[in-house]
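Asker: whatever this is, show me its structure:
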Amino acid sequence: MNILGMRRKLDIFLLLTHLFFLWLLFHFLSPLAISQKWKYFLSGGIYLLEIHRILRPGGFWVLSGPPVNYENRWRGWNTTIEEQRSDYEKLQDLLTSMCFKLYVKKDDIAVWRKSSDNSCYNRVSEPDAYPPKCDDSVEPDQAWYTPLRSCVIVPTPKIKNSVLESIPKWPERLHATPERISSVPGGSASALKHDDSKWKVRVKHYKKLLPAMGTDEIRNVMDMNTVYGGFAAALMGSPSWVMNVVSSYAPNTLPVVYDRGLIGAYHDWCEAFSTYPRTYDLLHFDGLFTAESHRCDMKYVLLEMDRILRPKGYVVMRESAYFVDAVASIAKGMRWSCRKENTEYDVEKEKLLICQKKLWYSSNGSSR
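Answerer: Residues are numbered from 1 along each chain as shown. Prediction:
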């Protein structure tokens, strides 16, 4: 599906991810699980309010499954046509109250579009409006350990270019300066340009040291402590995608990452990352331990990296010489094969550690 050059989509199964300002949301529900789950989803509209929060003005929400097309499908959903009609009408009423408009409906799929016009939100300011408008104390970008809000967040008029139609089309938007970079300490057009140039040089050097980078051998990549997504931008054109992780203890640059057309999430690396074991083919970070090793033991971060890294996957660490040596020692115990390399400018105080996770079996104690 390609509507207005959309770049990012989120697939939701009732568990909403705190990602920012997406253009298109896909929502797939199992018909067999619909009876109770859909009522839970609709209750108070709180989950729809979270969809509203993370969706860019002018963006789309796609629902595939119940109660869409209930007229023809209700018999297979262990329910009644009256019950499904009621659910659909409640859904439509809630979405309308949140400034969504039905864009298209065909067969089992319905698409709603979030309004680009803030005047639509005038009615949520009324005393008896439901859902109510959030007060000014609510920070819409705050999403780390933040409860779901039971109010509508009105898009700020200060950000004029956050509307879908105002965003440069891909791939131009990758290098266009996001308006919201001005809210980041030290953020500016020149800072973004410098960051892009720096990472182009670095990634070129990385590829010399790790020829697999940029090839179809590596598909799932994570930048564990990005700022503006420069590492991911430098890999653009490679057959890979990059999950950009912004530290929950660092300045909030995640909106900039999303405005560039990249994808990312908040995380605190003193905790487990919410993903399956062996998800990633390559993990990368720049100064993660220098910045945050005082908060938790480094070995636990490395063990979490080992959990989410695929066997024979790679790790590229850019750190101070002190931490590179410490990591190399721990990595040996995790059956990683590592080598220390110089940076592109051969700076003595900063080194690279390139590792590969071995495929090993505990049953006979051998490694392969």
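
Asker: now the longest helix along the chain: mean pLDDT?
Answerer: Using DSSP state H, we find that the single longest helix of the chain is helix 189-209. Helix 189-209 shows an average pLDDT of 98 in the prediction.

Asker: also stretch 152-165?
Answerer: Rounded mean pLDDT across stretch 152-165 is 81.

Asker: over to stretch 359-367?
Answerer: For stretch 359-367, mean pLDDT is 70.

Asker: returning to that earlier point: ok, residues contacting the longest helix of the chain?
Answerer: 175, 177-178, 181, 213-214, 227-228, 230-231, 233-235, 256, 316, 318, 341, 343-344, 352, 354 (Cβ atoms under 8 Å, 6 or more residues apart in numbering). Where C-beta positions appear, they are placed from N, C-alpha and C, glycine not excepted.

Asker: per-residue confidence for Lys38?
Answerer: You called it Lys, but residue 38 is Trp. 60.

Asker: poorly predicted segments of this protein, please.
Answerer: When residues are selected by pLDDT under 70, those of the chain lie in 1-44, 364-368.

Asker: can you give me the strands in it?
Answerer: 9-12, 22-28, 55-64, 100-106, 109-114, 220-223, 241-247, 263-267, 280-286, 309-320, 336-342, 350-357 (DSSP state E).

Asker: re the thing from before, buried sites along the longest helix of the chain?
Answerer: Across helix 189-209, burial judged by 16 or more other Cβ atoms under 10 Å covers 192, 195-196, 199, 202-203, 205-207.

Asker: from those residues, pick the one nearest Glu82.
Answerer: Of all the buried residues of helix 189-209, Glu82 sits closest to Leu192, with 55.0 Å by Cβ to Cβ.

Asker: which residues does Glu319 contact?
Answerer: With Cβ under 8 Å, 6+ apart, Glu319 has these contacts: 285-290, 327, 350-351, 353.

Asker: buried subset of those residues?
Answerer: Judged by 16+ other Cβ under 10 Å, buried ones among those: 285-286, 288-290, 327, 350-351, 353.

Asker: turn the residues you listed into TSV, including distance to Ile51.
Answerer: Below are these laid out as TSV (distance: Cβ to Cβ, whole Å):
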residue	distance to Ile51
Phe285	31
Asp286	33
Leu288	32
Phe289	36
Thr290	38
Val327	40
Glu350	42
Lys351	44
Leu353	41
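
Asker: count of neighbours near Thr156?
Answerer: 11 (other Cβ atoms under 10 Å).

Asker: including distance to Lys133, could the contacts of Glu319 go into TSV?
Answerer: Listed next are these as TSV, based on distance: Cβ to Cβ, whole Å:
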residue	distance to Lys133
Phe285	40
Asp286	40
Gly287	41
Leu288	39
Phe289	43
Thr290	43
Val327	49
Glu350	49
Lys351	52
Leu353	50
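
Asker: which one of the residues you listed sits closest to Val163?
Answerer: Asp286 (32.8 Å).

Asker: quick check: beta-bridge partners of the nearest residue to that closest one once chain neighbours are set aside?
Answerer: Nearest non-adjacent residue to Asp286, counting by Cβ to Cβ, 6 or more residues apart in numbering: Arg318, 4.3 Å away. Counting by DSSP bridges, Arg318 is bridged to Asp286, Leu352.

Asker: can you give me the neighbour number for Arg318?
Answerer: Neighbour number of Arg318 under other Cβ under 10 Å is 21.

Asker: how about Lys349?
Answerer: Count around Lys349 with other Cβ under 10 Å applied: 8.

Asker: dump the residue contacts of it.
Answerer: 320-321.

Asker: the one 5 residues further on now?
Answerer: By Cβ under 8 Å, 6+ apart, the contact list for Ile354 reads 209-210, 314-317, 338-339, 341.

Asker: same thing but at 6 Å, please
Answerer: Ile354 sits next to 209-210, 316, 339, 341 when contact means Cβ atoms under 6 Å, 6 or more residues apart in numbering.

Asker: surely Met334 and Asp306 touch.
Answerer: Yes - in this structure Met334 lies within contact range of Asp306 using Cβ atoms under 6 Å: 5.1 Å.

Asker: and the two? Which one has more around it.
Answerer: Asp306 (21 against 17).

Asker: roughly how far apart are Lys133 and Glu126?
Answerer: Separation of Lys133 from Glu126 (Cβ to Cβ, to the nearest Å) stands at 9 Å.

Asker: these two: who's more crowded?
Answerer: Neighbours were tallied for Lys133 and for Glu126 using other Cβ under 10 Å; the higher tally belongs to Lys133 (17 against 10).

Asker: please tell me how far Cys120 sits from Arg202.
Answerer: Cys120 is 45 Å from Arg202, by Cβ to Cβ.

Asker: report the beta-bridge partners for the residue nearest to the spatial centre of the chain.
Answerer: Residue closest to the mean C-alpha point of the chain, counted by Cα atoms, centre = their mean, is Gly264 at 3.2 Å. Listed beta-bridge partners, Gly264: Asn244 (assigned using DSSP bridges).

Asker: pretty sure it sits against Thr253.
Answerer: No - using Cβ under 6 Å, Gly264 is not in contact with Thr253; the gap is 8.9 Å.

Asker: tell me the domain boundaries of this structure?
Answerer: Domains of the chain are assigned by the TED database as 3-164, 172-357.

Asker: pick the most buried one from those.
Answerer: Neighbour counts (mean count of other Cβ atoms under 10 Å) averaged over each of the domains of the chain peak at domain 172-357, with a mean of 18.

Asker: so Ser337 touches Gln356, yeah?
Answerer: Yes - under the criterion of Cβ under 6 Å, Ser337 makes contact with Gln356 at 5.0 Å.

Asker: how about Met222, what does it touch?
Answerer: Taking Cβ under 6 Å, 6+ apart as the test, what Met222 contacts is 243, 280, 283.
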